[in-house]
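quick one, fold the following:
(chains A and B)
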2 protein chains.
Amino acid sequence: MTFTIQQALIATEEGYGRIDVQIEGDRIEAIALHPGTDITPQLEPRGTVIDGSYKLLLAGFVNAHTHSSEMWQRGLIPPYPLELWIGELHEFSPLNPQQIYLSALSTALETLLSGGTSVVDHLVLIPGQEVETVAAAVKAYQEIGIRAFIGPLIQDQALASGIPDGGAERKHGQFYCTTEQVLAMMETVVERFHRPQEGISIMVAPTGIQLCSDALFQGCIELSDRHNLCRHAHLLETKAQKLLAYEKYGFSAVEHLHSLGYLNERTSLAHCVWLEERDIKILAETGSTVVHNPLSNLRLGSGIAPLLKYRQAGVNVSFGCDGAASNDGQDLLEAIKIGSMLHNITDPDYRHWITPRQSVEMAALGGVKGLGMDGEMGSVEVGKKADLVLYDLTSLSLLPRTDPIGLLVTGRPTQAVADVWVNGDRIVSNGQPTRLDVDNLRQNLLQYGEWTTNRQSSNIAQMEAHYRQVMGLS
Amino acid sequence: MTFTIQQALIATEEGYGRIDVQIEGDRIEAIALHPGTDITPQLEPRGTVIDGSYKLLLAGFVNAHTHSSEMWQRGLIPPYPLELWIGELHEFSPLNPQQIYLSALSTALETLLSGGTSVVDHLVLIPGQEVETVAAAVKAYQEIGIRAFIGPLIQDQALASGIPDGGAERKHGQFYCTTEQVLAMMETVVERFHRPQEGISIMVAPTGIQLCSDALFQGCIELSDRHNLCRHAHLLETKAQKLLAYEKYGFSAVEHLHSLGYLNERTSLAHCVWLEERDIKILAETGSTVVHNPLSNLRLGSGIAPLLKYRQAGVNVSFGCDGAASNDGQDLLEAIKIGSMLHNITDPDYRHWITPRQSVEMAALGGVKGLGMDGEMGSVEVGKKADLVLYDLTSLSLLPRTDPIGLLVTGRPTQAVADVWVNGDRIVSNGQPTRLDVDNLRQNLLQYGEWTTNRQSSNIAQMEAHYRQVMGLS
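Below you'll find the predicted structure:
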């Protein structure tokens, strides 16, 4: 697509300026800043002309960690910590590929309408229909047009092994397939769906040290090296996982992943709430990325990730919504707001606090850096991919006229995204997705389920007594 | 107005049921729960019939603490703690009554569209135009139709006295008017505007111990007793205020307010972040209400109010957005979400965590209780005032069909409020205010200001060195 954005508001070092941007195909071809208050076109208009005079232009953000199919359980799971919450989630998870498709569409739509142009879907797989699960998500993301990084959520150990033993003798049972079967499935998925040039990338994404063997991590390292894939995993989301790592390895989860060789500059790690000083140093040295999911960390009571320390240590940080059963929305601006402000209570020196401009940079450039694409996207520069968002500055939620980036981050923007381009394609126009019939999606979603509450989880009944004992809850 | 809501979804002890509700005038006249899945009308329809079959019915919430005119600075103030933030706020605050009117309209609209039917406006006054300020806010609230409790924000000490001396010799200067002048102005405001039956109530609302003399508190007590007014104030929002109270009184701010006689069952206190165990006991004994403003407390780095302790001690708690320069939105659902989840990280025992049903009860009944009106509003019961909200369960943000109250609280509802009634008047219909031209409001807001950043505050330049020294920041 060829188009020219005229006079959009853009952040400059001194404050704000007006810019013209020309896009050819999937790339930014030319940009020109207006001198002073001059409103005459600074670039010869080519293709469609977009009036940006009441709009703010930013590079698209990355929803750097989510699980799309959790959408089907959002609002349902009571206030539980992760280890019990996940028991209920898994018990009621069996879905079909059509549901996977619909929840991927919904996840993509909420991400797009909150400024995201890329989504990292740590995709929960339907047992026995693993490849079909991925196919359904790929179909959704291709249809709506978002850039997607899909990491099939794999493990090779049974759920109960994710809780520390705490000295108790426990048998955890077997996972339903072997390490080799899991890796063979991943090989198939990569061959069939990994098409980065078309906007769909497959990642290796073992769920985390709590449910994965060393052999599984090693197989993922080999696969990622061979196919040049990004790496992803959960890391030290809860205090229980920290205890578990010491039980399993005798040292920290970060040290263990580092010794396996899992950490590099294309590795992004969700949560990172319970890291120690030396763990932070390892992340900085290996160029790994922390994905901060503040809302999920609050809902599950996981804690506050030490984000200010990460930034001070030079660790790259990005933002994620996490799955919609632990948040329970996919609004990236909400994650950015809370993920920026939450840390003010952890350090009395406000000079360390995250500013709105730093927040949007973390959400855009920090996100793509964690995917090894920082030369390609994440800022409005000539030669970069046209993954761009125009915000409507006449939205009541962005009025009165103050500091638009300040208000975008600290406010509560509603109907604020006007236009979104991914790879130069306009996939949202005037706040509506261009390739998706929203009413049709609504009708399809309404066909499932009922308005209810209070389902009884047998998983939780089984796990709760042991969990409370290990965590010292009376 | 006479109307009948049919078949709305409503919370029951077991889960959800369907209800018919008949409203006559400003009150709920009759309600009838549908037996099982029976969809035949349970009440004779009277007046307008509202189809509630894809709607959730809740009593309206209370936005229990805000400062409407801060709307003009939202997004603008950099990350600062309260004591510096307020210096910048005051420096750029001079407004005119037309702006007061517009920001009150905006505050009311955002509150209504996020489930609030009442707003407590701790209204910043224009020096020299105090009564005109209140008149402008009253005009806005009457026009849009929200129930308003206006507490003119009064003080009788200069801004710099709000920071502890920390042993330094400091002169704070005089406030621009005397205690007697402030109280005389309040007397005028009460006489002219206090009309509870018409939905406008005046409260006494000294800003807090940090800027008010004992004589001002005593004058407010006398005024509130004579006119039966609610009482409001900020309380121990920051660590600096806690230090200040010990400097000023030799004991805690709560003990001091209690000894003055300010605390009773119609007193609501914003923030309450830095209370001690014995302070909490005093609030419980006096029946005072804590207004929790979680987003403001995060943005300003004030800390986490010990909400779980308040609930365990039997203290009534409600939610507020706080002013839009310290949040910077007026979305009550966002305040309820964060104000409920935030506390999960303060107590590892999830059995103490706040459930979504408790959250909506705190937001509705907790809010009206703090205003001494819990017999009148805050739940869907016969005889109570018809301050009601219907949520659109076909909003994409509330799909798929799961637990609607769970999703309303833990999700990120967008365009979720369909209809709002206050005093039986339908002031929002199908998501649009019935008495306000939104495009007109937008155009009026656009006339002011410019998109900018980086203003230089001389207040902060003056206050910063002392603040850093007192707070031990190097």
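
tell me the contacts of the spatially closest residue to A:E88 that is not a sequence neighbour?
Spatial nearest neighbour of A:E88, chain neighbours left out: A:S457 (4.2 Å); criterion: CB to CB, 6 or more residues apart in numbering or on different chains. C-beta here means a position set from N, CA and C on the backbone, and glycine is covered the same way. By CB atoms under 8 Å, 6 or more residues apart in numbering or on different chains, A:S457 lies in contact with A:87-88, A:91-92.

just the buried residues of those.
Among the contacts of A:S457, the ones that count as buried by 16 or more other CB atoms under 10 Å in any protein chain shown are A:87-88, A:91.

how is chain A divided into domains?
A:2-59+A:378-432, A:61-369 (automatic domain parsing).

how far does the longest one stretch from start to finish?
Read that as domain A:61-369. Using CA to CA, to the nearest Å, the end-to-end distance of domain A:61-369 comes out at 11 Å.

what mean pLDDT does it get?
Mean pLDDT, domain A:61-369: 96.

roughly how far out does it sit from the chain middle?
7 Å (CA atoms, centre = their mean, to the nearest Å).

next: the shortest one.
Shown here is domain A:2-59+A:378-432, whose average C-alpha point lies 23 Å from the average C-alpha point of the whole chain (CA atoms, centre = their mean).

helix, strand, or coil at the closest residue in space to A:D392 that isn't next to it in sequence?
Leaving aside its sequence neighbours, A:D392 sits nearest to A:A418 (CB to CB, 6+ apart; 4.1 Å). Secondary structure, DSSP: H, G, I helix; E, B strand; the rest coil: A:A418 is strand.

same check, this time on A:D121
From three-state DSSP, the assignment for A:D121 is strand.

hmm, A:S224 and A:L183 touching each other?
No - A:L183 is beyond contact range of A:S224, at 11.6 Å (criterion: CB atoms under 8 Å).

those two: which has the busier surroundings?
A:S224 (23 against 19; other CB atoms under 10 Å in any protein chain shown).

ok, so of the buried ones among the contacts of A:S457, who is nearest A:V62?
Distance to A:V62 across the buried ones among the contacts of A:S457 (CB to CB) is lowest for A:E88, with 28.7 Å.

in the helix or strand where the closest one lies, which residues are buried?
Element membership for A:E88, per DSSP states H and E: helix A:82-91. Across helix A:82-91, burial judged by 16+ other CB under 10 Å covers A:82-89, A:91.

that older thread, in CSV: the contacts of A:S457, plus distance to A:G167.
What follows is these, written out as CSV (distance: CB to CB, whole Å):
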residue, distance to A:G167
A:G87, 21
A:E88, 26
A:E91, 27
A:F92, 31
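
for A:D156, give me phi and psi.
phi -140, psi 20 (degrees, to the nearest 10).

swap in A:L102?
According to degrees, to the nearest 10, A:L102 has phi -70, psi -40.

next one: the one 3 residues further on
As for A:L105, its main-chain torsions (degrees, to the nearest 10) stand at phi -60, psi -50.

quick check, it in contact with A:I144.
Yes - look at A:L105 against A:I144 with CB under 8 Å: they come within range, at 5.9 Å.

who touches both of those two?
A:L436.

how many residues are close by the residue nearest to A:H234 when sequence neighbours are not counted?
Sequence neighbours aside, A:G208 is the residue nearest to A:H234 in space, at 3.7 Å (criterion: CB to CB, 6+ apart). Number of residues near A:G208 (other CB under 10 Å) recorded here: 25.

which element is A:G208 on?
Residue-wise, A:G208 maps onto no helix or strand under DSSP H and E.

pull up the gap between it and A:L153, please.
Using CB to CB, to the nearest Å, A:G208 is found at 10 Å from A:L153.

quick one, phi psi at A:T394?
phi -100, psi 0.

again with A:R266
phi -110, psi 20.

does it touch A:C230 like I think?
Yes - here A:R266 reaches A:C230: they are 4.7 Å apart, a contact under CB under 8 Å.

neighbour-wise, which of these two wins?
Neighbour totals were compared for A:R266 and A:C230, and A:C230 leads with 24 against 20 (other CB under 10 Å).

so the more buried one touches A:F149, yeah?
Yes - with contact defined as CB under 8 Å, A:C230 reaches A:F149; the gap is 6.3 Å.

could you tell me which residues touch both of those two?
A:201, A:203, A:371.

closest to chain B among those residues?
Chain B lies nearest to A:L371 out of these, by CB to the nearest CB, at 24.3 Å.

which residues of the stretch 251-400 of chain A lie near chain B?
Selection of the stretch 251-400 of chain A residues close to chain B by CB under 8 Å from any CB of the partner chain yields A:295, A:297-304, A:324, A:327-331, A:334, A:338, A:341-342, A:344-345, A:347-350, A:353-356, A:393-394, A:396-397, A:399-400.

in PyMOL, how would I select just the buried ones from those?
If you want just the buried ones from those in PyMOL, going by 16+ other CB under 10 Å, the selection is:
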select buried, chain A and resi 295+297+298+299+300+301+302+303+304+324+327+328+329+330+331+334+338+341+342+344+345+347+348+350+353+354+356+393+394+396+397+399+400
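
now intersect the residues of the stretch 251-400 of chain A next to chain B with the helices, please.
Secondary structure defined by DSSP state H assigns A:295, A:297-299, A:334, A:338, A:341, A:356 of these to helices.

so can I have CSV of those showing distance to A:E255?
Below are those laid out as CSV (distance: CB to CB, whole Å):
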residue, distance to A:E255
A:L295, 29
A:N297, 22
A:L298, 27
A:R299, 29
A:E334, 34
A:I338, 30
A:M341, 31
A:P356, 35
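
of all the residues you listed, which two lie farthest apart?
A:R299 and A:P356 (24.0 Å).

so which residues of the stretch 151-300 of chain A form helices?
Using DSSP state H, counting those that start in this stretch, the helices of the stretch 151-300 of chain A run over A:179-193, A:214-227, A:239-249, A:253-260, A:277-286, A:294-299.

which parts of the stretch 51-200 of chain A sit against chain B?
A:71-76, A:78-81, A:84, A:106, A:109-110.

for A:D20, grab phi and psi.
Dihedral angles for A:D20 - degrees, to the nearest 10 - are phi -110, psi 140.

got the contact list for it?
A:4-8, A:31-32, A:34, A:41-43.

nearest to A:H256, of the ones in helices among the residues of the stretch 251-400 of chain A next to chain B?
A:N297 (21.9 Å).

so the closest one touches A:I304, yeah?
Yes - A:N297 is within contact range of A:I304, at 6.8 Å (criterion: CB under 8 Å).

which elements pack onto the helix holding A:E88?
helix A:458-470 (3 or more CB pairs under 8 Å, 6 or more residues apart in numbering or on different chains; DSSP states H and E).

quick one: residues contacting the closest residue in space to A:D419 that isn't next to it in sequence.
Distances taken as CB to CB, 6+ apart put A:L390 closest to A:D419, at 4.3 Å, once the chain neighbours are dropped. A:L390 makes contacts with A:5, A:8, A:50, A:52, A:55-57, A:417-420, as judged by CB under 8 Å, 6+ apart.

shouldn't A:L390 be within a strand?
Yes - assessed by three-state DSSP, A:L390 belongs to a strand.

identify the bridge partners of it.
Beta-bridge partners for A:L390, by DSSP bridges, are A:L57, A:D419.

same question, A:L33
Residues in beta-bridge contact with A:L33 (DSSP bridges): A:I19.
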